[in-house]
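Trainee: need the 3D shape of this:
(2 chains)
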Amino acid sequence: MKRFLIPLAVFFVLVIFLAIGLTLNPRDVPSPLKDKPAPAFKLPQLAAADKSFSPADLKGKVWLLNVWASWCVSCRQEHPLLVSFAKEGKVPVVGLNYKDQPGDAKNWLAKFGDPYVLSAVDADGRVGIDYGVYGVPETYVIDKAGTIRMKHTGPITPESLQKQILPLVAELSK
Amino acid sequence: MKLHTLLICCVLMFSGATMAKEAAPMAADVEIEKRMVAISEELRCLVCQNESLSGSHAELAQDLRREIRKMIGEGKTDKEILDFMVARYGDFVRYRPPVKPTTWLLWGGPFVLLAGGIAALIAFLRRRAKEDAAPELSEEERRRAAALLDQSNS
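Mentor: Predicted coordinates:
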């Protein structure tokens, strides 16, 4: 009897490990930037190239930095959610237009709606590297002190918005 | 047919031209390129996670290779460049993550499994050796066996 029980037990342990493995997202790499100051940058704005934006401009506010591009298909997926979230006006959403053509980016916003208070143009992706961007869209929650409190990789879903982003934003805004 | 050949010639000419263009910076500084490749072999491309940064064609990998080249040009050490990557993308970016409490299982796990396997093998072999050992015979059984052997020999 014992002869069969041991392999069976080992088999079930293996099944449990594999089942857990299936529910994990290999793309969800924990960011080392969490709880670190948001890297400084100074970039031109998409709508007005003569004006610039720097994270320091929003010190004292809780805000979201959303990395997007017109060539990014999953950005289109999360976009309606961002637009409706921005309409509520809870916190400013700043766009980081990542490795895009300004013309394409403007057309894209005109077509799908513009949820951003402004978009900073990261044409060569150098600022993206400082933020550890490896797959657009990515969203950062930045607190009043300018510290990154959360990074969300991939498109925002209604679930991640309700369960993670909104509660954190509410807590930080207190 | 003629048009076809011409077209192929054109394509070949252009591909030659672009190749020459891309190869130029490499030839310009072989040392930098060598170090860049050595460093990027150690790094994971986060876009296609099972490829190294040196072998990946992803755009981000190209950008990161450009950054590495730039940092080498600025006289940064290999360690400084690796730290730059880890600060942005985490330990996951390294193919050989540092040994620390969160990675103990990763580094030690295979050896624990190996030790477990060896222990199970030894236990199994011992048990089998015991089962296979010739059973002890009593005086009586020995005599009977000898008698039977004698019979068959004669």
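
Trainee: what number of residues lie near the closest residue to residue A:124 other than its chain neighbours?
Mentor: Beyond its immediate neighbours in the sequence, the residue positioned closest to residue A:124 (C-beta to C-beta, 6 or more residues apart in numbering or on different chains) is residue A:99, lying 7.1 Å away. To be clear about C-beta, it is placed using only N, CA and C from the backbone, and glycine gets the same treatment. Using other C-beta atoms under 10 Å in any protein chain shown, residue A:99 has 20 other residues around it.

Trainee: and for residue A:19?
Mentor: Neighbours of residue A:19 (other C-beta under 10 Å): 9.

Trainee: give me the element it is part of.
Mentor: For residue A:19, the enclosing helix or strand under DSSP states H and E is helix A:2-23.

Trainee: hang on, the earlier thing: quick one: pLDDT of the residue nearest to residue A:124?
Mentor: Predicted confidence (pLDDT) for residue A:99: 94.

Trainee: go on, the one 3 residues further on?
Mentor: Looking at residue A:102, its pLDDT reads 92.

Trainee: same question, residue B:154
Mentor: pLDDT at residue B:154 comes out at 62.

Trainee: contact residues of chain B facing chain A?
Mentor: Residues of chain B that fall close to chain A, judged by C-beta under 8 Å from any C-beta of the partner chain: B:46-47, B:49, B:59-60, B:63-64, B:67, B:86-92.

Trainee: quick one: which two of these are the most distant?
Mentor: The distance between the two most remote of the residues of chain B next to chain A (C-beta to C-beta) is 23.2 Å, for B:59 and B:91.

Trainee: where do the helices of chain B begin and end?
Mentor: Listed in chain order, the helices found in chain B under DSSP state H are B:2-28, B:30-41, B:59-73, B:78-89, B:104-132, B:139-153.

Trainee: to clarify, my last question referred to chain A.
Mentor: Counting by DSSP H, chain A has these helices, from start to end: A:2-23, A:73-88, A:102-112, A:126-130, A:158-160, A:166-173.

Trainee: the helix holding residue A:19 close to chain B?
Mentor: No: counting by C-beta under 8 Å from any C-beta, no contacts exist between helix A:2-23 and chain B, the nearest distance being 9.3 Å.

Trainee: just stretch A:24-39 next, same as before
Mentor: Yes: taking C-beta under 8 Å from any C-beta as the criterion, stretch A:24-39 and chain B are in contact, through A:26-27, A:29-33.

Trainee: and that stretch, what's buried?
Mentor: Residues of stretch A:24-39 classed as buried: A:29, A:31-33, A:38-39 (neighbour count, 16 or more other C-beta atoms under 10 Å in any protein chain shown).

Trainee: residues contacting it, please?
Mentor: Contact partners of stretch A:24-39, identified using C-beta atoms under 8 Å, 6 or more residues apart in numbering or on different chains, comprise A:55, A:65, A:127, A:130-132, A:134-135, A:140, A:142, A:145-151, A:153-154, B:46, B:49, B:86-92.

Trainee: with just CA atoms, put the helix or strand bottoming out on mean pLDDT in chain A into CSV.
Mentor: None of the helices or strands of chain A scores lower by mean pLDDT, DSSP states H and E than helix A:2-23, at a mean of 90. C-alpha atoms of helix A:2-23 as CSV (Å, rounded to 0.1, in the frame of the first residue of the first chain):
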residue,chain,number,x,y,z
LYS,A,2,2.8,2.4,1.0
ARG,A,3,4.4,1.6,-2.3
PHE,A,4,1.6,3.4,-4.1
LEU,A,5,0.9,6.1,-1.6
ILE,A,6,4.3,7.8,-1.8
PRO,A,7,4.4,8.3,-5.6
LEU,A,8,0.7,9.4,-5.5
ALA,A,9,1.5,12.0,-2.8
VAL,A,10,4.5,13.2,-4.9
PHE,A,11,2.3,13.4,-8.0
PHE,A,12,-0.3,15.5,-6.2
VAL,A,13,2.4,17.9,-4.8
LEU,A,14,3.7,18.3,-8.4
VAL,A,15,0.1,18.9,-9.6
ILE,A,16,-0.4,21.6,-7.0
PHE,A,17,2.9,23.3,-7.9
LEU,A,18,2.0,23.3,-11.6
ALA,A,19,-1.5,24.6,-10.9
ILE,A,20,0.0,27.5,-9.0
GLY,A,21,2.4,28.1,-11.8
LEU,A,22,-0.4,28.3,-14.3
THR,A,23,-2.1,31.2,-12.4
